[in-house]
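[1] I would like to see how this sequence folds:
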Amino acid sequence: MLDKKGPDVSGMALTPPASNGTVAVAIQATASDAANGNSNVVAAEYTIDGGAAQAMSVSASAPTASLNATIAQATMNALTAGNHTISIRARDALNNWGTPNTITLLVDKTGPAAPTLVSASPNPNNGTTPFNSSVNAVRMFATLSDAATAIATGEGFIDTLGAQGAGFPFQAVDGVFNSSNEPAYADIPLPTVSLLASGNHTLYVRGKDTAGNWGPATSITLVIDKIGPTISGNVTLTPSATNNTAVAISATASDAANGNINIVAAEYFIDTAGANGTGTAMTVGTAAPTAAINGTISAATVSALTAGSHTVYVHAKDAAGNWGATSSATLRVDRTPPTFSGIT
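    Take a look at the predicted model:
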């Protein structure tokens, strides 16, 4: 049988398929002469962009063999950013070189863009407020994107932007990083958050692409507030003395000196200040660090009180989840009509 055709090359792969020039790249392929004379494959070579040929190893002297080579890191580093053509061919024992086959090597030396849509929730926080009932953490969100390659990972830091790869990891929202635009998240455990001092803290996030490039970071502010609002001025009861009629409660809650974040809730108790969040809800006039709070002791509740003096306790909660200290006013329940004396 006359054999004048060289082996075919297939199954080409590059590891990694994209590089920033800081690591070597492995080349793998398969050469087969089975359809072209069935002679043994004895040699192979590759070129980069048509340059000088470089020898590849051949796994066995057989009609079908694996081909392998490594592009040295120094060679990779010298390549310009962009696409480069890797051409591979093989030779059989009869000295026939096969037709080259090609694969594209991407050199990407630019990292992902600065992350967008960065947020943290819940924020503000007092170190005890979770993202939800099943996630005992403050959750960061960010969108990571890269113009040339897929996103490989992301990382975050608190207060200090550390070395590349040293931060807490981000996860892809869809479960796997495999595209150039990836919504991602990371959870900062509440035990970690609780150790932060009250005040503003900087959260950083940045992404890394599959070529190995880290991009610039984006930062946001996480507010830690561990002190609740105060009741400024007096708690006002209208009327302050009653027999069986409803009583309006009004006061002003302020977080201006304790974190300056919005008032989000308030409650009152009668005679005994109970656990936070177990009182009768009051309305908050506006979402602001200082807000009017109002409530009503219903006529039915007043009717159930004994005659005499009763203490009404009021306090408020801020957006970080802190309940403040109570302030109080006295409500007098009087069901005894006046008497006349000394009539002449």
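
[2] contacts, neighbours, all on C-alpha from now
    Fine.

[3] Neighbours of Leu196, how many?
    By other CA atoms under 10 Å, the residues close to Leu196 number 18.

[4] Not counting sequence-adjacent ones, nearest residue to it?
    Spatial nearest neighbour of Leu196, excluding adjacent residues (CA to CA, 6 or more residues apart in numbering): Ile224 at 7.2 Å.

[5] now Asn136
    Of all residues not flanking Asn136 in the chain, Pro130 sits nearest, at 4.7 Å (CA to CA, 6+ apart).

[6] swap in Leu117?
    Nearest residue to Leu117 in three dimensions, chain neighbours excluded: Ala142, at 5.3 Å (CA to CA, 6+ apart).

[7] ok, now how distant is the one you found from Thr280?
    39 Å (CA to CA, to the nearest Å).

[8] The two - which one has more neighbours?
    Ala142 (25 against 14).

[9] partners of that one in the sheet?
    Ala184 (DSSP bridges).

[10] Quick one: residues contacting it.
    Contact partners of Ala142, counting by CA atoms under 8 Å, 6 or more residues apart in numbering, are 115-119, 183-185, 205.

[11] Looking at the residues you listed, which is nearest Ala251?
    Checking the contacts of Ala142 against Ala251 by CA to CA gives Ser119 as the nearest, at 33.6 Å.

[12] can you list the weak-confidence ranges in the stretch 1-150 of the chain?
    Counting by pLDDT under 70, the stretch 1-150 of the chain contains low-confidence ranges at 1-3.

[13] residues in contact with stretch 277-284?
    263-269, 273, 291-296.

[14] and these, which two are the farthest apart?
    Applying CA to CA across the contacts of stretch 277-284, the maximum distance is between Ala273 and Ala291, 21.4 Å.

[15] In terms of neighbours, single out the busier of the two.
    Remark: of Ala273 and Ala291, Ala291 carries more neighbours, 22 against 17, as counted by other CA under 10 Å.

[16] ok, the more buried one - contacts?
    By CA under 8 Å, 6+ apart, the contact set of Ala291 is 252-254, 263, 284-285.

[17] Which member of those residues is positioned nearest Ile86?
    Using CA to CA, these come closest to Ile86 at Ile263, 63.7 Å.

[18] Spatially nearest residue to the closest one, not counting backbone neighbours?
    Distance criterion CA to CA, 6+ apart; nearest residue to Ile263, sequence neighbours excluded, is Asp318 at 4.4 Å.

[19] picking that back up, relative to Ser32, which of the contacts of stretch 277-284 is nearest.
    Val264 (72.9 Å).

[20] Could you tell me what pLDDT the model assigned to that closest one?
    Confidence at Val264, expressed as pLDDT, is 96.

[21] just checking, it is part of a strand?
    Yes. Checked against DSSP: H, G, I helix; E, B strand; the rest coil, Val264 lies within a strand.

[22] shouldn't it be in contact with Asn322?
    No. Val264 lies out of contact with Asn322 (CA atoms under 8 Å); the separation is 9.9 Å.

[23] can you give me the helices for this structure?
    For the chain, applying DSSP state H gives helices covering 73-78, 190-194, 299-303.

[24] any idea how far the first one is from the chain center?
    Centroid displacement of helix 73-78 relative to its chain, using CA atoms, centre = their mean, to the nearest Å, is 35 Å.

[25] Dump that helix to CSV, keeping only the CA atoms.
    Extracted as CSV, the C-alpha positions of helix 73-78 are listed here (Å, rounded to 0.1, in the frame of the first residue of the first chain):
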residue,chain,number,x,y,z
GLN,A,73,5.7,31.1,30.7
ALA,A,74,8.4,33.3,29.3
THR,A,75,7.1,32.8,25.8
MET,A,76,3.5,33.5,27.0
ASN,A,77,4.6,36.7,28.7
ALA,A,78,6.2,37.9,25.5
